[in-house]
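In: let's see this in three dimensions:
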Amino acid sequence: MSRIGKKPVAIPAGVTVEVKGSTVAVQGSKGELKITHLPEVTVKVQDGEVVVERKGDSSDARARHGLTRQLIANMITGVKDGYEKRLEIIGVGYKAQVKGKVLVLNLGFSHPINYAIPDGIEITQDQKNANILIIRGIDKQLVGQAAAVIRGMRPPEPYKGKGIRYTDEHVRRKAGKTAAKAGAA
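Out: Numbering: from 1, shown residues only. Here you go, the predicted structure:
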């Protein structure tokens, strides 16, 4: 039995979960999410909890048991509280601006990069520090994907640390050539 899959997901107040066939719809104060679960598992709502059970004992059914349960748990958390990722832009002249549904990034290239903000995602700049981008949404996967795409436009480099990084990310720094020469002499 999957340790994650066998745990029921509690439905908090203000959130409704509806199962119709193989579609699970979760609705809360922030919005609504839907997922179509795979045929190896069954999803039931009973006693204020979502219970995920697998139909067989094949390796596919075992693998998707915990996956389906966690996807539903993430949906419930998303419609209740939402998800947030923070990115920090570090570098002289590196900056970002939100213009409508487009994020304009100046990252040291010869041209600005325009990133079309996907539906369901909200990108804002921190009030105190304009070099911190806050990415919010109800879909955990979509928030993480948007943050990863933006970070991938200029990942942090190990010598000066310039680039886009998560605010809680630690970038290991390298010494560089001059430090190697000074140590050899």
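
In: could you find the closest non-adjacent residue to the residue nearest the centre of the chain?
Out: Closest to where the C-alpha atoms of the chain average out (C-alpha atoms, centre = their mean) is Gly144, at 2.2 Å. The spatial neighbour of Gly144 that comes closest, neighbours along the chain excluded (C-beta to C-beta, 6 or more residues apart in numbering), is Lys85 at 6.7 Å. All C-beta spots, glycine's among them, are computed from the backbone N, C-alpha and C.

In: can you tell me the SS state at the one you found?
Out: Local secondary structure at Lys85 is given as strand here, using DSSP: H, G, I helix; E, B strand; the rest coil.

In: dump the helix or strand containing Asn114 to PDB, restricted to CA.
Out: Here Asn114 sits within strand 113-116, counting by DSSP states H and E. Provided in PDB are the C-alpha atoms of strand 113-116 (Å, rounded to 0.1, in the frame of the first residue of the first chain):
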ATOM      1  CA  ILE A 113      12.800  39.500 -23.300                       C
ATOM      2  CA  ASN A 114       9.000  39.500 -23.300                       C
ATOM      3  CA  TYR A 115       7.400  36.600 -21.400                       C
ATOM      4  CA  ALA A 116       3.700  36.200 -21.900                       C
END
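
In: out of the helices and strands in this structure, which is least certain?
Out: Ranked by mean pLDDT, DSSP states H and E, the weakest helix or strand in the chain is helix 177-184, scoring a mean of 66.

In: low-confidence ranges in this structure?
Out: Within the chain, the stretches with pLDDT under 70 are 1-2, 179-185.

In: which residues in it form strands?
Out: Counting by DSSP state E, the chain has these strands, from start to end: 9-10, 16-20, 23-27, 32-36, 41-46, 49-54, 83-90, 95-99, 102-106, 113-116, 121-125, 132-137, 163-166.

In: just checking: what are the partner strands of the second one?
Out: Pointing back at strand 16-20 there. Note on strand 16-20: by DSSP bridges, its sheet partners are strand 23-27 (antiparallel).

In: sounds good, over and out.
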